[in-house]
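A.B. asks: Sequence and computational prediction follow.
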Amino acid sequence: MPQTVIKHFASLENALTSLFGSSVKIAKRERIAGGDINEAYGLSLTDGTKIFMKSNAKKNVSFFTAEAAGLDALAQTKAIGTPHILCSGTDEGQGGFSFLLMEFINGKKRIDGYWETFAHQLAAMHRASAESFVPNGKYGFESDNYIGARKQINTAAGSWIDFFRDCRLEPQFKAAENYFAAEDRKKIVWLLDHLEDFLTEPEQPSLLHGDLWSGNVITGNDGKAWLIDPAVYVGHAEADIAMTELFGGFPRDFYSAYGAEGLLQDGYRDRRDLYNLYQLLNHLNMFGMSYLASVRRIVKKYV
């Protein structure tokens, strides 16, 4: 399926006029807490509509165009809820800023069986055809995007193991090289040269959320789990599940239901920390030394 064209505007005023008409203005702007990278607001409009806006410096508009492309890809699987994207844009006001407008999520009461339903929908997303998202390859994505505030490389590859080495671990290790002693570097080189001893090729490529922790799962307007803030790419479904276990995990009902879907290959638990090495390296590169011990522990586990 072709990527949906997300409208992009040269001002917030032009965006609102195009979407809602020239008579509609912002009646109230409320700051919404949460998120380390962007500012978030609920915008109440004079026609009674409420929308959600993310904003950042004008130079960081690519954060929002990448996010819009990721949410669009997730939505194209027709498997799980995501906020509807209205548009992106930049504005010269207030010193210049970029923005992303989306539908406002009311966070209704969760349905019965919330976590089991989420697991089955996520499995359906992982089973959906991902062929159209990676021109000239099986793994990667149609464009680079972001994991947190850092660039995520999505160059197409024909092998999952090659992709994980070349586009996930190697760039992060290179960015973090000043943290490692000579002995660490020897272990890292050995690990990268022997990834095929630990990882497996998936039975099929899957579209991944890419940053699937509890903060990026919200209760949608239908009472089911919706996905936000993606770092999408096509890879091994196990990498998404590993990420869910990194920072606290989801309830047991989620893992029981997902496990019953049969997408986790034998030996998943032996590979889980290796998938999460990418996420921990990214945190090391963003936030510093507090993540170094975890990175070293995982490298030592496999070397």
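C.D. replies: Arrived safely. Numbering: from 1, shown residues only.
A.B. asks: which element follows the lengthiest helix in the chain toward the C-terminus?
C.D. replies: Using DSSP state H to define each element, the chain has its longest helix at helix 268-287. The first helix or strand that comes after helix 268-287 along the chain, using DSSP states H and E, is helix 292-302.
A.B. asks: Packing partners of that next one?
C.D. replies: If you count contacts as 3 or more Cβ pairs under 8 Å, 6 or more residues apart in numbering; DSSP states H and E, helix 292-302 packs onto helix 182-193, helix 268-287. Just so you know, the C-beta spots here come from the backbone N, C-alpha and C atoms, and that holds for glycine as well.
A.B. asks: one more time with 10 Å, if that's ok
C.D. replies: When contacts are defined as 3 or more Cβ pairs under 10 Å, 6 or more residues apart in numbering; DSSP states H and E, helix 292-302 sits against helix 170-175, helix 182-193, helix 268-287.
A.B. asks: re the thing from before, determine how far the longest helix of the chain lies from the middle of the whole chain.
C.D. replies: Mean C-alpha position of helix 268-287 versus that of the full chain (Cα atoms, centre = their mean, to the nearest Å) differs by 14 Å.
A.B. asks: Return the alpha-carbon coordinates of that helix using PDB.
C.D. replies: What follows is helix 268-287, C-alpha atoms only, in PDB (Å, rounded to 0.1, in the frame of the first residue of the first chain):
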ATOM      1  CA  TYR A 268      13.100 -16.300  22.400                       C
ATOM      2  CA  ARG A 269      14.200 -15.800  26.000                       C
ATOM      3  CA  ASP A 270      17.800 -16.500  25.000                       C
ATOM      4  CA  ARG A 271      17.600 -13.700  22.400                       C
ATOM      5  CA  ARG A 272      15.600 -11.200  24.400                       C
ATOM      6  CA  ASP A 273      18.500  -9.400  26.000                       C
ATOM      7  CA  LEU A 274      20.300  -9.100  22.600                       C
ATOM      8  CA  TYR A 275      17.300  -7.300  21.100                       C
ATOM      9  CA  ASN A 276      17.200  -5.000  24.100                       C
ATOM     10  CA  LEU A 277      20.900  -4.300  23.800                       C
ATOM     11  CA  TYR A 278      19.900  -1.900  21.000                       C
ATOM     12  CA  GLN A 279      17.500   0.000  23.300                       C
ATOM     13  CA  LEU A 280      19.900   0.200  26.200                       C
ATOM     14  CA  LEU A 281      22.700   1.400  23.900                       C
ATOM     15  CA  ASN A 282      20.300   4.100  22.700                       C
ATOM     16  CA  HIS A 283      19.600   5.100  26.300                       C
ATOM     17  CA  LEU A 284      23.300   5.200  27.000                       C
ATOM     18  CA  ASN A 285      23.900   7.500  24.100                       C
ATOM     19  CA  MET A 286      21.000   9.800  25.100                       C
ATOM     20  CA  PHE A 287      21.200   9.800  28.900                       C
END
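A.B. asks: Measure how that helix sits relative to helix 292-302, angle-wise.
C.D. replies: 150 degrees (axes from the mean of the first three to the mean of the last three Cα atoms, to 10 degrees).
A.B. asks: Could you check the angle helix 268-287 makes with helix 182-193?
C.D. replies: Here the directions of helix 268-287 and helix 182-193 differ by 130 degrees (the same axes, to 10 degrees).
A.B. asks: Mind listing what's buried along helix 268-287?
C.D. replies: 268, 271-285 (16 or more other Cβ atoms under 10 Å).
A.B. asks: Tell me where the stretch 1-150 of the chain has helices.
C.D. replies: Under the criterion DSSP state H, counting those that start in this stretch, helices of the stretch 1-150 of the chain are mapped to 12-20, 61-76, 114-127.
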